[in-house]
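>>> return a 3D structure for these sequence lines:
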Amino acid sequence: MKLRRSPPRWLRKKRWLTVLALAVLVLLWFVPQPSNTRTWIPSQAVLAFADLDGTLVHISNIRNTSYTSATDYETSYYDKTFDLDRLISLWYVVEPFSDWQGAAHTFLSFGFEGEEYVSISVEIRKEEGETFSAFKGLFKRYELIYVVADERDVIKLRTNHRRDDVYLYPVRTSREKMRELFVRMLERANRLIEEPEFYNTLFNTCTTNIVRHVNELSPNRVPFSFKVLFPGYSDQLAFDLGLIDTDLSFEEARARYLINERAERSADSPDFSTLIREVLD
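So this is what the prediction gives:
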């Protein structure tokens, strides 16, 4: 009978390190609980919420931050009532923010008669001193927030202060679908007040939430694609699916809907939202 040899010491050590690493991953995944009671950065300290009364939607805490720079700002809020019967346009915003094309932030903006606009941006909710890491975002490191904001806040921050390219695309859909999408996103914002969630770099992001809302209204309207996981390509996907309201080629559309120059020229205008769209009609 042959004697069974014990594994070499280096192999036993490697096994223990593997077990330890797995235990750490399990703890990182199951132990943290999402919360709304942390020390948040000032621009994300207040959550928006909405009340629906027939066709009227009253939104409290619409953010309207005034920026001196991307890191120097004064945050204020206002309340406003919107009539769903006056909702006439939907806009898809894409902000690439690195040299690698796949990285981007996306959000939606809703347009009402009378040149009134309000944006809903799904983001990580940062604590004081916290910065974003895609890797940390895999392990329940950040809470999720639905920022409801004035375009002079969320768009001008990106065009005029971060100086990222920003594309503002008109979306092709019915007014009924716009209305349902607006309500569903606000309902989710309300739900996050009572039931906070963690952001996840792959499954619970700005773009995956938009896609989830769209597919709730029109099942499989946006199929699974790596362009959802890498939202810098999401405008190409939206174009290919016929969701961008244009007869231009994709390259021509990207050039037309890049709004940075118009945002710079209109920075101090009360008609900012109108002026950044003036050549889009």
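
>>> ok, Ala238 touching Phe250?
No - applying Cβ atoms under 8 Å, one finds Ala238 not in contact with Phe250, separated by 9.8 Å. Placement of C-beta: from N, CA and C, glycine included.

>>> of these two, which one has the most company?
Per other Cβ atoms under 10 Å, whichever of Ala238 and Phe250 has more neighbours is Ala238, with 23 against 14.

>>> where along the stretch 51-200 of the chain do the helices fall?
Assigned by DSSP state H, counting those that start in this stretch, the stretch 51-200 of the chain shows helices spanning 151-156, 175-194.

>>> need the ones you listed in a markdown table (columns: distance to Gly137).
Formatted as a markdown table, the helices of the stretch 51-200 of the chain follow (distance: least, Cβ to Cβ, whole Å):
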| stretch | distance to Gly137 |
| --- | --- |
| helix 151-156 | 20 |
| helix 175-194 | 17 |
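
>>> so which of those helices is the most surrounded?
helix 151-156 (a mean of 24; mean count of other Cβ atoms under 10 Å).

>>> reformat the helices of the stretch 51-200 of the chain as JSON lines; add distance to Tyr257 and mean pLDDT.
Shown next, in JSON lines, are these (distance: least, Cβ to Cβ, whole Å; pLDDT from 0 to 100):
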{"stretch": "helix 151-156", "distance to Tyr257": "12", "mean pLDDT": "97"}
{"stretch": "helix 175-194", "distance to Tyr257": "18", "mean pLDDT": "98"}
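
>>> return the residues in contact with Leu144.
Contact analysis of Leu144 by Cβ atoms under 8 Å, 6 or more residues apart in numbering lists Pro34, Val122, Glu123, Ile124, Arg125, Leu192, Pro196, Glu197, Phe198, Tyr199, Asn204.

>>> ditto for Arg172
By Cβ under 8 Å, 6+ apart, the contact list for Arg172 reads Gly242, Leu243, Ile244, Asp245.

>>> surely Tyr146 and Arg125 touch.
No - using Cβ under 8 Å, Tyr146 is not in contact with Arg125, being 9.7 Å away.

>>> relative to the whole chain's centre, how far out is stretch 170-177?
Distance of stretch 170-177 from its chain centroid, counting by Cα atoms, centre = their mean, to the nearest Å, is 19 Å.

>>> can you classify Val214 as helix, strand or coil?
Under DSSP: H, G, I helix; E, B strand; the rest coil, Val214 falls in the helix class.

>>> close enough to count as contact, it and Arg184?
No - shown here, Val214 and Arg184 do not form a contact pair, counting by Cβ under 8 Å, at 9.6 Å.

>>> give the buried residues for stretch 35-47.
Trp40, Ser43, Gln44, Leu47 (16 or more other Cβ atoms under 10 Å).

>>> that should have said stretch 110-125, apologies.
Buried, per 16+ other Cβ under 10 Å, within stretch 110-125: 110-112, 116-125.

>>> can you give me the strands for this protein?
49-53, 56-63, 66-67, 73-74, 77-83, 87-96, 104-112, 116-125, 143-149, 167-170 (DSSP state E).

>>> of all those strands, which lies closest to Glu180?
With Cβ to Cβ, the closest approach to Glu180 among those belongs to strand 87-96: 10.2 Å.

>>> now the closest one: mean pLDDT?
Averaged over strand 87-96, pLDDT sits at 98.

>>> again with stretch 55-67
Throughout stretch 55-67, pLDDT has a mean value of 97.

>>> what's in contact with that stretch?
Outside of stretch 55-67, the residues within contact range by Cβ under 8 Å, 6+ apart are 43, 46-51, 73-85, 118, 147-150, 152-154, 156-157, 160-161, 182-183, 186.

>>> run the last query once more with 7 Å
With contacts defined as Cβ atoms under 7 Å, 6 or more residues apart in numbering, stretch 55-67 is touched by 43, 46-51, 73-85, 118, 147-150, 152-153, 157, 161, 186.
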